[in-house]
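Colleague: here you go, sequence then predicted model.
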Amino acid sequence: MKDFISVSPLRILEKSSHKGLGPGNLGVLVARAGVGKTACLIHIAFDKIFRQEKLVHVSLEEGPEKVASYYNVIYCDLLKALHLNDDDEYRFLMERNRMTLAYLNQSFDLERLEANLKNLTERLDFKPDTLIVDGLDFEKVEREVFEGLKKIALEFETEIWFSALSHRHISETSEKGIPYPCDRFDDLFSIIIQLQPEQTGIFLKLLKDHDRYQIPENSIRLDPNTFLALS
Amino acid sequence: MDEIQNLRNIGISAHIDSGKTTLTERILYFTKRIFAIHEVKGKDGVGATMDSMELEKERGITIASATTHCEWKGHRINIIDTPGHVDFTIEVERALRVMDGAVLILCSVGGVQSQSITVDRQMNRYQVPRIAFINKCDRSGADPYKVVDQLRQKLNHNAVLMQIPIGLESKLSGVVDLVSMKALYFEGPNGDEIRVDEIPDTIIDEALARREEMLDAASMFSDDLMESIFAESVTPDLIYAAVRQGTVSRQLTPVFLGSAYKNIGVQAVLDGVNRYLPSPTDVKNVALDIDRDETEIPLEADPDKPVVALAFKLEVTPYGQLTYLRVYQGSISKGDDIIITRTGKKIKVGRLVRMHADQMEDLTSASAGDIVALFGVECYSGDTFTSGGINYSMSSMFVPEPVISLSIAPEDNKSQNNMSKALNRFVREDPTFKSYVDQESGETIISGMGELHLEVYVERMKREFNAEVATGIPQVAYREAITKHADFDYTHKKQTGGSGQFGRVAGFMEPSEEAAYEFVNQIKGGVIPTEYVPSVDKGFQSCLKKGLTLGFPVAGMKVTVNDGKSHSVDSSELAFTQAAIGAFKQAYMRAKPVILEPVMKVSVEGPSEFQGNIMGSINQRRGLITSSTEDGNFTTIDAEVPLAEMFGYATVLRSLTQGRAEFTMEFQKYSKVPESLSEELKSNLRKKSKGEK
């Protein structure tokens, strides 16, 4: 398990003063299309799963089979990169600690998510430590939705990670250095990380760490093929 | 060759109750195979033509697939109607094995439901191109656009609408054909007369937008169409060719819509079958050459080549056994000699017929691509026939292992005889249905793919064979498996006067994920003479039937024999078989055996308000919920649940959800039984065996 955690992109949070996002908080990974947001989010998910924490993957675009196949592909890449063999123990952790909630055809709303999480907690004794929300359109979503999600994070004592799509042609950033489209809600997010391709590789940059902005020494480099942290 | 190109072998598959049999009935009516329409569960008491079994008529579901044949606009179409319930999956699998294309029917209210996903997965396995028909657009709550989105999201189809509806629900009056950009209205008492008209103004914008989407998708498969779009000179033929290209290569799914019940849109589906689904010459089929180490040999749909045909379904009729056959290559005529590859037995083709549900039409010959039936041929389902000179076998069909069993006992002497006859017939017809006599209890056991599967056979025994049988409690097919490596070194020695018995076997056993049983011969220097090695293998195999923990069959074991000893006088086949049995007993318990149970992939679908109840019910059954999908007002919960916990679930689910949820399940894997349950099983078996004594 330690092998997985040692190369997780979440190592970026070693640079965080709180060493993580923490229950009740929202975090976001912002990047342009095709850079690897979903892959990076799934790496965050694996980090949690292999720490034996409970994870709920909330998908707003893809059905559960596709989500499961993303996890499988990344899991196989992980094994390959770490020269590990497939092991029943890893599979067991993935089966027991991950749950997918998919919302197709615009069927996502806060009330529904809250009811679903309640059912998971009460009926299955599956109390999530982390929620991964993939596919929420930051350009269209109103502020109230994030406020509602923050309430849910507090109510269920869970941390919630999102991915946000930025655009090459919109280069505006807020005074605090937060890029569009996260600049409108940056006060609601405790951690904001940017995934940025550069000539020397892909970099994760910590743009916001709880109440700190413009953090010095804020980045780690990722392997462009596997999205694993490079030492 | 022209004739083959105008031949279509299609399956009609979908979720139960989405209208398969109704659509087939309409197709038969419009192709003039029947002259009146009878409804499933109809008030006229006749029942739909394809539901030929009495039980099917009564329950309103299709159990055994009936083949039928019709003609539409110069094309011959062989149709296999298939069952919708997952317990009868072997019927669906068989149909797909011999089909070149399929019509996937979806309900415009229910959309893509769990059974549609199962059927779709099966179609992918057999690489069957399909077109979709969204049925029941006249029903309240109909939303064909939502269903198209579900086809894309849930089934990953590149689905493209070829039509849009004119009105919906009770106002459905016709469809707009996006190729000709004309409105089609189906008039006359049974929708026989198609009136072509201009598109109503209210939906012209929608039609233009959807046509553009369709052209965009189709143009990916044809440069000519792409160029004609730029030049604004698109013709229907260019669209047909491009959509056909995409469909045959399984990269595009053209979608039609309507209401089979209200006779709206059925003729257009038939046009779609002719235009977009492949002919036998468009599909690559291969056989295995038995004489050349099962090398794959491509078959050609050429009537002049040697015959290769597959028996895909058997049915025992009052006139004898009927064998449904798909001819892949060559042609078969009445009076020809053909050979069954499995047995090498030569048979003469007697009566050759083309089936139309339970009626038949006599033929003198059948050519490559055709689906026909032979009378009076003794064979098994899955047998390959050739004309001799070649020793080909069609690749075997995927046959899942039975997961549930039930003891049955005849209620009187007359039933005893009839029950045997019935079982003999069912076993030949259905490879997923098995029957045997338990040597210890003397009970007759039947096994199959689910409760309903066995229930239907018990019913058929009563109705068709007059065999009244009492049934026991359904039993799960448990297995034993070792978990560790264990060595053995056993010498079988017996001296009883005269020549004795001597054999020593040494090596190890270990778990195997590759196969149910593997035997590896690593004997060097002939310490066990070659002629006795098969007896060693046989000895180990005989032990697999009954594990030493609880007496369940052993699965997933690899045995390696690497040493041994023989005696020039006392060694024999029997001695080495006994030595292997002793070696198995010596090592088995040291290899830490565990009990395995079948785990089913369960999908429950119901209104979202019942999500909590459904989750709770699965959790109570040792189920592992993997996902929950919200779509509209419905939730689908996917889970893995031990089969032992699923008995009677239908009733529980009904009461938990006011009858508004349904579930499907199929076998997924064998998993270790938890320690506490394993103990319980042991104590139950102990009690049972004490009781018997």
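Modeller: Received, thanks.
Colleague: drop to CA atoms for contacts and neighbour counts, all remaining ones
Modeller: Will do.
Colleague: just list whatever residues bridge to residue 195.
Modeller: All of this is about chain A. As for beta bridges, residue A:195 partners with residue A:204 under DSSP bridges.
Colleague: hm, I was asking about chain B
Modeller: Beta-bridge partners, per DSSP bridges, of residue B:195: residue B:185.
Colleague: show the contacting residues for it.
Modeller: Residue B:195 sits next to B:184, B:185, B:186, B:187 when contact means Cα atoms under 8 Å, 6 or more residues apart in numbering or on different chains.
Colleague: quick check, pLDDT for residue B:564.
Modeller: At residue B:564, the pLDDT value in this model is 95.
Colleague: could you do residue B:232 as well?
Modeller: What the model reports as pLDDT for residue B:232 is 88.
Colleague: can you give me phi and psi for it?
Modeller: phi 50, psi 40 (degrees, to the nearest 10).
Colleague: likewise for residue A:101?
Modeller: phi -110, psi 120.
Colleague: in the helix or strand hosting residue A:220, what's buried?
Modeller: Using DSSP states H and E, residue A:220 sits within strand A:219-222. For strand A:219-222, burial by neighbour count (16 or more other Cα atoms under 10 Å in any protein chain shown) applies to A:219, A:220, A:221, A:222.
Colleague: run through who's touching that strand.
Modeller: Outside strand A:219-222, the residues that touch it by Cα under 8 Å, 6+ apart are A:9, A:12, A:201, A:202, A:203, A:204, A:205, A:206, A:228, A:229, A:230, A:231.
Colleague: neighbour count, pLDDT and secondary structure added to the residues you listed, as a markdown table?
Modeller: Output for those, formatted as a markdown table (neighbours: other Cα atoms under 10 Å in any protein chain shown; pLDDT from 0 to 100; DSSP: H, G, I helix; E, B strand; the rest coil):
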| residue | neighbour count | pLDDT | secondary structure |
| --- | --- | --- | --- |
| A:9 | 24 | 77 | helix |
| A:12 | 20 | 74 | helix |
| A:201 | 13 | 79 | strand |
| A:202 | 20 | 86 | strand |
| A:203 | 24 | 88 | strand |
| A:204 | 25 | 88 | strand |
| A:205 | 22 | 89 | strand |
| A:206 | 24 | 89 | strand |
| A:228 | 24 | 81 | coil |
| A:229 | 21 | 82 | strand |
| A:230 | 14 | 79 | coil |
| A:231 | 10 | 63 | coil |
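Colleague: from these, pick the one nearest residue B:161.
Modeller: residue A:202 (40.9 Å; Cα to Cα).
Colleague: so that closest one sits right up against residue A:223, yeah?
Modeller: Yes - counting by Cα atoms under 8 Å, residue A:202 does reach residue A:223; the two are 6.8 Å apart.
Colleague: what about residue B:658, how many neighbours?
Modeller: 9 (other Cα atoms under 10 Å in any protein chain shown).
Colleague: find me the pLDDT at the residue of the stretch 51-200 of chain B found nearest chain A, would you?
Modeller: Residue of the stretch 51-200 of chain B nearest chain A, by Cα to the nearest Cα: residue B:154 (5.9 Å). We note a pLDDT of 79 for residue B:154 in this prediction.
Colleague: tally of neighbours for it?
Modeller: Residue B:154, neighbours per other Cα under 10 Å, totals 21.
Colleague: excluding its backbone neighbours, what's nearest it?
Modeller: In this structure, residue B:154 finds its nearest non-sequential neighbour in residue A:63, 5.9 Å apart by Cα to Cα, 6 or more residues apart in numbering or on different chains.
Colleague: residues from the stretch 151-300 of chain B in reach of chain A?
Modeller: Counting by Cα under 8 Å from any Cα of the partner chain, the residues of the stretch 151-300 of chain B close to chain A are B:153, B:154.
Colleague: all helices for the stretch 151-300 of chain B, in order.
Modeller: For the stretch 151-300 of chain B, the helices defined by DSSP state H, counting those that start in this stretch occupy B:204-219, B:223-230, B:236-248, B:266-276.
Colleague: alpha carbons only: can I get the second one in CSV?
Modeller: What follows is helix B:223-230 as a C-alpha-only set of coordinates in CSV (Å, rounded to 0.1, in the frame of the first residue of the first chain):
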residue,chain,number,x,y,z
ASP,B,223,-16.0,10.1,-48.1
ASP,B,224,-18.5,10.3,-50.9
LEU,B,225,-21.2,11.3,-48.5
MET,B,226,-18.9,13.8,-46.8
GLU,B,227,-18.1,15.4,-50.2
SER,B,228,-21.8,15.4,-51.2
ILE,B,229,-22.7,17.2,-47.9
PHE,B,230,-20.2,20.0,-48.8
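Colleague: circling back: ranking by neighbours, what's the top pick from the contacts of residue B:195?
Modeller: Going by other Cα under 10 Å, residue B:184 tops the contacts of residue B:195 with 24 neighbours.
Colleague: double-check that one against residue B:178; I have them as touching.
Modeller: No - with contact defined as Cα under 8 Å, residue B:184 does not count as touching residue B:178 (10.6 Å).
Colleague: okay, now the unreliable bits of chain A?
Modeller: Scanning chain A for pLDDT under 70 picks out the ranges A:1-2, A:15, A:231.
Colleague: just the buried positions in the single longest helix found in it, please.
Modeller: Ranked by number of residues, the top helix in chain A under DSSP state H is helix A:64-81. If you call a residue buried by 16+ other Cα under 10 Å, then helix A:64-81 has these buried ones: A:64, A:65, A:66, A:67, A:68, A:71, A:74, A:75, A:77, A:78.
Colleague: what about that helix, distance to the chain center?
Modeller: Its chain's C-alpha centre and that of helix A:64-81 lie 15 Å apart, by Cα atoms, centre = their mean, to the nearest Å.
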